[in-house]
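A.B. asks: Starting from these lines, generate the structure:
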Amino acid sequence: MQSPDKYRIAILSAYALSLHGFEALLPSPIPWLRLGLSNIITLTALMLFGFRAAMMITLIRVILGSLFIGTFLGPSFILSLGGGICGTCAMGAMLAVSRKVFGPVGLSLIGALFHNAAQLFLAYWLFIQRIEAVVFISPVIMLLGSLTGFVNGIVADILIKNLLKKEPDSLHNVAQT
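C.D. replies: Numbers count the residues shown, from 1 in each chain. Next up is the predicted model:
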């Protein structure tokens with residue numbers, strides 16, 4: 001797998017941060033619910049450049065995003081970091097197991113599941129410590145996470161296909177390995 005240069009990582013991280021910031025402006029039916037739009041960029045990087053690039057983008061987005069909105073080292077930072085790392089690791093592991101079995105939509109659903117599970121675990125372990133509260137909210141979180149994971153996977157699939165059309169020589173070999 002070809003490693004992306006530092007400029008591509010920077011550009012993809014900027015896109016992820018932009019989507020993260022845009023998402024913060026959208027009204028939410030539940031105050032802490034996020035659509036995870038920046039995960040579209042993480043998934044695209046994973047599929048085109050591999051796990052290392054995807055994890056770097058996740059870490060850059062979570063750390064800089066929390067610094068920009070003033071939540072660094074707070075509860076939402078911890079939940080975002082834990083969920084981001086767990087979701088990216090799960091997508092990377094599934095892609096490593098079989099690139100032919102899971103496409104962008106499947107990987108996005110796996111990432112959403114592990115992201116939400118990690119956040120629920122961290123919320124229980126560090127903050128809530130009431131299992132009934134976590135059990136009560138878990139179905140809602142998992143359902144909404146699955147819906148957004150599905151939509152984000154479709155968008156990432158379209159993005160990847162368009163990128164491969166525009167830069168077939170430089171990206172096609174990367175995506176096939």
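
A.B. asks: wait, Leu126 sits on Phe77?
C.D. replies: No. Leu126 is beyond contact range of Phe77, at 11.7 Å (criterion: C-beta atoms under 8 Å). Any C-beta I mention is one placed from the backbone N, CA and C, and that applies to glycine too.

A.B. asks: all helices for the chain, in order.
C.D. replies: 6-25, 39-49, 51-69, 75-97, 104-122, 131-166, 168-176 (DSSP state H).

A.B. asks: Which of those helices sits closest to Leu33?
C.D. replies: Nearest to Leu33 among these is helix 131-166 (6.4 Å), distances taken as C-beta to C-beta.

A.B. asks: Pull the distance from the closest one to the chain's centre.
C.D. replies: 9 Å (C-alpha atoms, centre = their mean, to the nearest Å).

A.B. asks: what's the answer for stretch 86-105, then?
C.D. replies: 12 Å.

A.B. asks: now stretch 72-86
C.D. replies: The answer for stretch 72-86 is 12 Å, by C-alpha atoms, centre = their mean.

A.B. asks: Residues in contact with it: which ones?
C.D. replies: 32, 42, 55, 58-59, 61-63, 65-66, 71, 114-119, 121-123, 126-127 (C-beta atoms under 8 Å, 6 or more residues apart in numbering).

A.B. asks: Which ChimeraX command selects the buried ones in these?
C.D. replies: Per 16 or more other C-beta atoms under 10 Å, the buried members of the contacts of stretch 72-86 correspond to this ChimeraX selection:
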select :42,55,58,61,62,65,66,71,114,115,116,117,118,119,122,123
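
A.B. asks: Poorly predicted segments of this structure, please.
C.D. replies: Residue ranges of the chain with pLDDT under 70: 1-4, 30-32, 168-177.

A.B. asks: Kind regards, and thank you for your time.
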